[in-house]
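K.L.:
A structural model of the following input is requested.
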Amino acid sequence: MNLRPLCLVFSNLALLSTVILSGCATPPNNAQPEATEAEDFNDPFEDANRAIFDFNQVVDRNVLVPVAKAYRTVLPDAVRDSLRDFLRNLREPIIFANNALQGDFDHAGQTFARFTLNSTLGVGGLIDVAGRWGQLPYYEQDLGLTFGVWGIPEGPYLVVPVLGPSDPRDLIGQVGEGFGDPFNRLVTGNPYTLYWIPFVRGGVSGIDQRSRYIETLADIERTSLDYYATIRSLYRQRRAALIRHEKEQNLPPPASFSRNDGPVPSVKPPQAAMASEAQTISEVAR
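P.N.:
Alright, predicted model coming up:
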């Protein structure tokens with residue numbers, strides 16, 4: 001049985017969990033009723049989504065968080081940062097392709113430069129040379145965002161078992177990336193049939209991201225009247241902002257909780273009042 005297509009898809013669905021964390025930003029307080037109605041209309045499967053969300057919370061509390069805490073305890077910050085940078089470097093070809101598909105050739109050039117510098121001077125991506133000394137920071141892109149730039153609607157809000165918030169557009173994008181990711185195709189197409197490597201890649205990436213948001217997500221859950229609705233709004237607004245390329249305008253950028261990250265840029269009211277919260281809940285996801 002040829003497991004290669006299944007392996008490629010599963011590994012990128014696993015990586016979707018990192019996009020999920022990155023798909024969050026605090027909505028403005030002055031949201032219009034029309035926006036709320038539109039959001040409600042776009043969640044026709046809310047009952048099923050809430051049931052899956054509750055299941056995901058059980059898995060998160062009893063499996064993901066304990067593993068993430070152990071990961072954070074055992075590995076020093078420098079090692080975890082190197083692992084994160086290495087995993088990010090593996091995604092640069094996909095990010096480059098999406099930049100090009102969106103017609104964003106400036107960022108495509110920056111992504112190409114990042115990949116070249118980090119793959120050589122950065123010892124295969126273990127050191128983010130481009131970000132630390134080359135003033136070329138990492139930013140996420142994926143096929144779901146490309147579809148959004150093309151004007152393809154997101155479709156109804158979905159909660160995927162274990163992986164969390166999504167929508168049909170993002171899910172289709174992840175499946176497409178599963179077949180197109182150069183690294184996954186390389187390791188699953190070799191004579192030694194290393195099908196397990198993409199699974200490990202997706203698992204480690206998800207655990208690393210979860211380890212960086214343990215306290216943050218716990219605080220959000222503790223202070224939310226409706227945690228499900230909060231996560232839904234955060235995910236949607238972040239994804240919409242990335243599609244509009246507003247990452248450095250009205251909404252704070254993703255935070256990796258790394259000492260290598262730059263400060264959050266200033267934002268204008270009413271977003272400024274929520275910047276401290278918004279900056280700590282991005283870069284899950286997707």
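K.L.:
pLDDT weak spots in this protein?
P.N.:
The model of the chain has pLDDT under 70 over residues 1-41, 190-193, 246-286.
K.L.:
again, 90 this time
P.N.:
For the chain, applying pLDDT under 90 flags the ranges 1-42, 134-135, 139-140, 163, 175, 178-180, 182-200, 202, 244-286.
K.L.:
So which residues of it form helices?
P.N.:
In the chain, the segments counted as helices under DSSP state H are 4-22, 33-41, 46-59, 65-74, 77-101, 105-120, 129-132, 143-149, 168-180, 182-188, 196-211, 214-223, 227-243, 275-278.
K.L.:
quick one: which of these is nearest Pro161?
P.N.:
helix 46-59 (5.6 Å; Cβ to Cβ). Backbone N, C-alpha and C define where each C-beta goes, glycine included.
K.L.:
For that closest one, which outside residues touch it?
P.N.:
If you take Cβ atoms under 8 Å, 6 or more residues apart in numbering as the criterion, helix 46-59 is touched by Asp43, Tyr157, Leu158, Val159, Val160, Pro161, Val162, Leu163, Gly164, Tyr228, Ile231.
K.L.:
Which residues in that helix does the neighbour count mark as buried?
P.N.:
Glu46, Asn49, Arg50, Ile52, Phe53, Asn56 (16 or more other Cβ atoms under 10 Å).
K.L.:
Turn those into TSV, columns for distance to Pro76.
P.N.:
Listed next are the buried residues of helix 46-59 as TSV, based on distance: Cβ to Cβ, whole Å:
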residue	distance to Pro76
Glu46	42
Asn49	38
Arg50	39
Ile52	35
Phe53	34
Asn56	30
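K.L.:
Between those residues, which sits nearest Gln102?
P.N.:
Closest to Gln102 out of the buried residues of helix 46-59 is Asn49 (28.9 Å), distances taken as Cβ to Cβ.
K.L.:
Now intersect the contacts of helix 46-59 with the strands, please.
P.N.:
Among the contacts of helix 46-59, the ones falling in strands (DSSP state E) are Leu158, Val159, Val160, Gly164.
K.L.:
Out of those, which end up buried?
P.N.:
Leu158, Val159, Val160, Gly164.
K.L.:
isn't the second one right up against Ala229?
P.N.:
No: at 12.0 Å, Val159 does not count as touching Ala229 under the criterion of Cβ atoms under 8 Å.
K.L.:
Present the buried ones among the ones in strands among the contacts of helix 46-59 as JSON lines; the columns should include distance to Gly144.
P.N.:
As requested, these are exported to JSON lines (distance: Cβ to Cβ, whole Å):
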{"residue": "Leu158", "distance to Gly144": "12"}
{"residue": "Val159", "distance to Gly144": "16"}
{"residue": "Val160", "distance to Gly144": "13"}
{"residue": "Gly164", "distance to Gly144": "14"}
